[in-house]
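K.L.:
Okay, sequence plus prediction incoming.
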Amino acid sequence: MGVSRRTLIAGSVAGAAVLGAGGIALRTRDKTMPGTLGGADFVRGHRLRDGAPFPEPARETRTGIAILGGGIAGLSAAWTLAEAGVSDFRLFELEDRTGGNSRSGRNAVSAYPLGAHYLPIPNEETKGVVRLLERLGIITGQQDGKPIYDPYQLVSDPEERLLHLGKWQEGLVPTIGLTPADTHDLNAFFAAMAAYRDRRGADGRPAFAIPMELSARDTDLLALDRLSFSAWLDAQGWRSPVLRGHVRYACRDDYGTEPEQTSAWAGIHYFAARRGHAANAGGDTLLTWPEGNGHLAGRMAARLRDRLECGQIVHRVRRSGDGVTIDSVDVAAGTGQRIRAKAAILAMPHFVAARVLPAGTADASGFGYAPWIVANVTVDRPPAGNGFDLAWDNVSWTSKSLGYVVATHQSLDVTHGATVLTWYMPLSDLAPAAARREMLDRPLEHWQRIVRDDLIETNPDLAGAIRRIDIWRWGHAMIRPTPGFFWNGAREAAARPQPPLFFAHSDLSGLSLFEEAHYRGTLAAQQAMTHLAIPHDDLLA
């Protein structure tokens with residue numbers, strides 16, 4: 001198995017987010033650094049968490065299907081209903097914009113991610129996402145049974161580089177300074193991942209699939225979930241610090257967790273589940289845009305604009321007769337409303353669903369979430385550096401961050417002026433609750449200093465070129481796939497429909513991936529339509 005951008009570094013994560021324009025000028029050391037301190041609206045979320053009193057409904061509305069949550073899962077549910085010709089639905093979102101952690105922003109220099117920043121070429125079995133990409137014009141045709149992708153939406157070369165031993169190199173795995181033990185363990189590890197990638201289970205399914213529900217159920221595969229990724233590596237006898245650094249990066253990259261906190265099933269899935277299916281691109285090629293996955297979220301929302309209600313705190317969901325009663329508060333107006341629906345799709349994180357439903361309806365006790373800091377850094381000139389040229393993804397072997405991606409990398413403009421660097425760091429070295437407290441307690445200049453110092457240590461040539469640093473905080477950025485989460489029965493029970501209630505969020509898959517959110521939203525919408533006897537095609541088959 002080749003080593004791609006999702007592969008190696010001793011210290012960091014991924015995920016995404018970053019911010020907006022606006023301007024709070026604060027002093028960091030010897031100069032004023034403009035920027036904003038933003039993030040998911042924790043004040044609204046904490047009103048729900050703390051059981052704050054909400055105003056009684058001042059009006060009542062009706063809809064056929066209510067979608068509660070406007071991240072990728074909720075947008076996918078709404079898109080699926082629209083594809084079936086259903087118009088009697090409404091989507092209610094807590095934040096002022098839909099998109100969840102796939103939101104994006106824009107300043108005078110460039111658009112940039114406010115969340116996830118790329119989508120790998122989908123696997124052959126990821127049929128729902130392939131259909132969506134066809135409808136969006138990202139897939140432009142077929143050749144020999146494989147999709148043809150618009151080349152302008154495939155990540156441009158060079159894709160990735162690593163700062164190691166003072167010099168930038170192509171790729172993210174160190175190419176010099178390896179001991180024989182490092183080389184042995186890396187080769188053995190990637191051979192094992194290739195075997196898992198190519199393996200089919202007794203049921204004929206891929207050992208590790210996307211969406212994960214299509215994965216094989218062989219006993220030895222499911223048993224991986226009972227181990228941490230660290231314990232699994234120990235059992236193989238692979239102790240190379242280079243390999244361990246690589247694995248740590250992978251766990252922080254997709255999960256915001258350390259290897260000892262990560263299910264071995266999830267860890268192997270990271271390396272073995274991707275088998276991109278395309279006529280004009282390699283299997284590990286990525287789709288990306290200046291605004292990251294905000295491109296996808298924005299185009300999905302544009303179609304659904306007349307059905308979206310943002311700034312809504314849904315605080316109570318109850319069965320009522322053969323339908324559902326939903327109470328929410330309009331944040332801007334400060335007034336309550338009651339929505340009566342024939343069915344409801346709860347496309348919100350499961351810990352939120354457990355709060356708005358009656359006690360005992362949803363159990364979120366095993367669900368934990370990783371906090372992240374993301375920064376958008378506007379600079380006068382692109383970073384340079386000794387060795388390999390600037391790439392889309394740029395990582396330092398010694399940094400605690402995941403490095404940065406370049407928002408203008410996909411631009412056809414060959415000028416070398418200002419750009420925006422999207423910088424990522426999970427707070428995986430703290431317990432999640434402690435990390436969230438730190439996120440809320442620390443001021444803007446604290447995070448700006450961390451980001452600036454990290455960037456200048458990685459790229460000294462940026463000294464004097466940084467014009468603003470905007471910070472975005474994600475308190476619950478992604479589900480943490482801890483050992484035992486996937487196959488102990490609780491996750492499956494949480495995803496099980498309770499008509500007229502249906503559940504849709506990527507946390508029900510244990511993997512915070514666009515494909516998983518899309519699958520959960522599409523599936524829940526199809527389940528709701530089946531319940532209401534609405535004819536529809538299966539978009540997942």
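P.N.:
Yep, it's here.
K.L.:
pLDDT of stretch 376-391, averaged?
P.N.:
Averaged across stretch 376-391, the pLDDT comes to 96.
K.L.:
Can you point out the buried residues in that stretch?
P.N.:
Asn376, Val377, Thr378, Val379, Pro382, Pro383, Gly385, Phe388, Leu390, Ala391 (16 or more other Cβ atoms under 10 Å). (Glycine included, C-beta is placed from N, CA and C.)
K.L.:
ranges for the helices of the stretch 351-500 of the chain?
P.N.:
For the stretch 351-500 of the chain, applying DSSP state H, counting those that start in this stretch gives helices covering 432-441, 444-458, 490-495.
K.L.:
rewinding a little: of the buried residues of stretch 376-391, which is the nearest to Arg299?
P.N.:
Arg299 has its nearest neighbour among the buried residues of stretch 376-391 in Asn376, at 21.3 Å by Cβ to Cβ.
K.L.:
Pro180: neighbour count?
P.N.:
Using other Cβ atoms under 10 Å, Pro180 has 8 other residues around it.
K.L.:
Quickly note the distance from it to Gly171.
P.N.:
Pro180 sits 20 Å away from Gly171, going by Cβ to Cβ, to the nearest Å.
K.L.:
one step back: out of the helices of the stretch 351-500 of the chain, which one sits most buried?
P.N.:
Among the helices of the stretch 351-500 of the chain, helix 444-458 has the highest mean neighbour count (mean count of other Cβ atoms under 10 Å), at a mean of 20.
K.L.:
elements contacting it?
P.N.:
Other elements packing on helix 444-458 under the criterion 3 or more Cβ pairs under 8 Å, 6 or more residues apart in numbering; DSSP states H and E are strand 24-28, strand 31-35, strand 369-379, strand 393-396, strand 419-426, strand 466-479.
K.L.:
on that earlier part again, got the buried residues of stretch 376-391 as JSON lines, with distance to Ala108 columns?
P.N.:
As requested, these are exported to JSON lines (distance: Cβ to Cβ, whole Å):
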{"residue": "Asn376", "distance to Ala108": "12"}
{"residue": "Val377", "distance to Ala108": "14"}
{"residue": "Thr378", "distance to Ala108": "9"}
{"residue": "Val379", "distance to Ala108": "13"}
{"residue": "Pro382", "distance to Ala108": "16"}
{"residue": "Pro383", "distance to Ala108": "20"}
{"residue": "Gly385", "distance to Ala108": "26"}
{"residue": "Phe388", "distance to Ala108": "29"}
{"residue": "Leu390", "distance to Ala108": "21"}
{"residue": "Ala391", "distance to Ala108": "24"}
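K.L.:
Looking at these, spot the one nearest Leu501.
P.N.:
Proximity of the buried residues of stretch 376-391 to Leu501 (Cβ to Cβ) peaks at Asn376, which lies at 37.7 Å.
K.L.:
By mean pLDDT, show me the worst of the helices and strands packed on helix 444-458.
P.N.:
Mean pLDDT is lowest for strand 24-28 among the helices and strands packed on helix 444-458, at a mean of 40.
K.L.:
what's the weakest-modelled helix or strand in this structure?
P.N.:
strand 24-28 (a mean of 40; mean pLDDT, DSSP states H and E).
K.L.:
that older thread, reformat the helices of the stretch 351-500 of the chain as a markdown table; add distance to Tyr519.
P.N.:
Formatted as a markdown table, the helices of the stretch 351-500 of the chain follow (distance: least, Cβ to Cβ, whole Å):
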| stretch | distance to Tyr519 |
| --- | --- |
| helix 432-441 | 25 |
| helix 444-458 | 34 |
| helix 490-495 | 11 |
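K.L.:
Which one of those helices lies nearest to Ala302?
P.N.:
When those are compared by Cβ to Cβ, helix 490-495 sits nearest Ala302, at 28.8 Å.
K.L.:
Under the pLDDT cut-off, which ranges of the chain? List them.
P.N.:
Within the chain, the stretches with pLDDT under 70 are 1-31, 414-415.
K.L.:
Quickly name whichever of the buried residues of stretch 376-391 is closest to Ala433.
P.N.:
Using Cβ to Cβ, the buried residues of stretch 376-391 come closest to Ala433 at Asn376, 26.5 Å.
K.L.:
Return the helix or strand Arg131 falls within as PDB; C-alpha atoms alone will do.
P.N.:
Under the criterion of DSSP states H and E, Arg131 resides in helix 127-135. Taking Å, rounded to 0.1, in the frame of the first residue of the first chain, the C-alpha atoms of helix 127-135 are listed here in PDB:
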ATOM      1  CA  LYS A 127     -22.700   4.700  -4.200                       C
ATOM      2  CA  GLY A 128     -24.700   7.400  -2.500                       C
ATOM      3  CA  VAL A 129     -21.800   9.900  -2.600                       C
ATOM      4  CA  VAL A 130     -21.000   9.000  -6.200                       C
ATOM      5  CA  ARG A 131     -24.600   9.800  -7.200                       C
ATOM      6  CA  LEU A 132     -24.400  13.100  -5.400                       C
ATOM      7  CA  LEU A 133     -21.100  14.000  -7.100                       C
ATOM      8  CA  GLU A 134     -22.800  13.200 -10.500                       C
ATOM      9  CA  ARG A 135     -25.600  15.500  -9.700                       C
END
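K.L.:
which other helices and strands contact it?
P.N.:
Judged by 3+ Cβ pairs under 8 Å, 6+ apart, helix 127-135 is in contact with helix 72-83, strand 146-149, helix 514-531.
K.L.:
What segments of the stretch 151-300 of the chain are helices?
P.N.:
Secondary structure of the stretch 151-300 of the chain (DSSP H, counting those that start in this stretch): helices at 180-198, 219-223, 229-236, 241-255, 264-272, 294-303.
K.L.:
buried residues in the second one?
P.N.:
Of the residues in helix 219-223, those with enough neighbours to count as buried (16+ other Cβ under 10 Å) are Leu221.
K.L.:
Likewise for the longest one?
P.N.:
For helix 180-198, the buried set under the neighbour-count rule, 16+ other Cβ under 10 Å, comprises Asp185, Leu186, Phe189, Phe190, Ala192, Met193, Tyr196, Arg197.
K.L.:
Next up, the contacts around Thr288.
P.N.:
Residues near Thr288 by Cβ atoms under 8 Å, 6 or more residues apart in numbering: His117, Tyr118, Leu119, Gln153, Val155, Trp392, Val405, His409, Gln410.
K.L.:
from those residues, which ones fall inside strands?
P.N.:
Applying DSSP state E to these, the entries found in strands are Leu119, Val405.
K.L.:
For the contacts of Thr288, give me TSV that also has distance to Tyr249 and neighbour count.
P.N.:
Converted to TSV, the contacts of Thr288 look like this (distance: Cβ to Cβ, whole Å; neighbours: other Cβ atoms under 10 Å):
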residue	distance to Tyr249	neighbour count
His117	16	30
Tyr118	16	20
Leu119	20	23
Gln153	26	20
Val155	19	22
Trp392	17	23
Val405	15	29
His409	21	21
Gln410	24	17
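K.L.:
Pick the one among the contacts of Thr288 closest to Ala370.
P.N.:
Closest to Ala370, out of all of the contacts of Thr288 and judged by Cβ to Cβ, is His117, at 16.6 Å.
K.L.:
so the closest one makes contact with Leu402?
P.N.:
No: applying Cβ atoms under 8 Å as the test, His117 and Leu402 come out as separate, 10.7 Å apart.
K.L.:
What is the burial count for the nearest residue to Met439 once chain neighbours are set aside?
P.N.:
Distances taken as Cβ to Cβ, 6 or more residues apart in numbering put Arg473 closest to Met439, at 4.7 Å, once the chain neighbours are dropped. Per other Cβ under 10 Å, the neighbour tally for Arg473 reads 23.
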